[in-house]
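Asker: give the three-dimensional model of this entry:
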Amino acid sequence: SFPGGRRDPADGDAVATALRETREELGVAVAATSVWGQLRTLPDRHGMTVAPVVANLGPLEALTLNPNPDEVEEVFTLPLAHLLCEENQGYTHFRTASGYGYTLPVFLNGPHKVWGLTAIVTELTLELLVPGCY
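Answerer: You can find the predicted model right below:
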């Protein structure tokens, strides 16, 4: 999943929360000027509202990550070209106890499967970054 968490009273808005959570979870200080914008809010499975924020962190090779072991088990990245390859894309079908069914995107990468809310945010971001290619 992406860095994230609940908004603290000291956070001015969703962007401030995202920047703080990224710093706390990955040890990366992202400047507010690097933020490209905010995607539409989404509900999570617990009824909370998630406000995805998209920012440019620059070249990954230039980043020094210091993941918080209390919050982050593993860090991995996926190149844009990998995400755009159809053989790495899929869908998962779910059915609730009440019989309601829904389908969510999935992105595959060896031992890693990006699914759930993370895949939805990834899909929305791809639609913005490379319209017509995804």
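Asker: which residue ranges make up each domain of this structure?
Answerer: By the record's domain assignment, the chain is partitioned as 1-75, 76-133 (the TED database).
Asker: now those as a markdown table including mean neighbour count and mean pLDDT?
Answerer: For glycine as for every other residue, the C-beta is placed from the backbone atoms N, C-alpha and C. Formatted as a markdown table, the entries for those read as follows, by neighbours: other Cβ atoms under 10 Å; pLDDT from 0 to 100:
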| stretch | mean neighbour count | mean pLDDT |
| --- | --- | --- |
| domain 1-75 | 13 | 94 |
| domain 76-133 | 13 | 92 |
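Asker: was I right to think T92 contacts T103?
Answerer: Yes - with the criterion set as Cβ atoms under 8 Å, T92 and T103 qualify as a contacting pair; they are 7.0 Å apart.
Asker: L129 and W36, how far apart?
Answerer: Computed with Cβ to Cβ, to the nearest Å, the distance linking L129 and W36 is 9 Å.
Asker: how about N68, secondary structure?
Answerer: At N68 the chain is in coil, as set by DSSP: H, G, I helix; E, B strand; the rest coil.
Asker: would you agree it is in contact with G27?
Answerer: Yes - applying Cβ under 8 Å as the test, N68 and G27 come out as touching, 7.1 Å apart.
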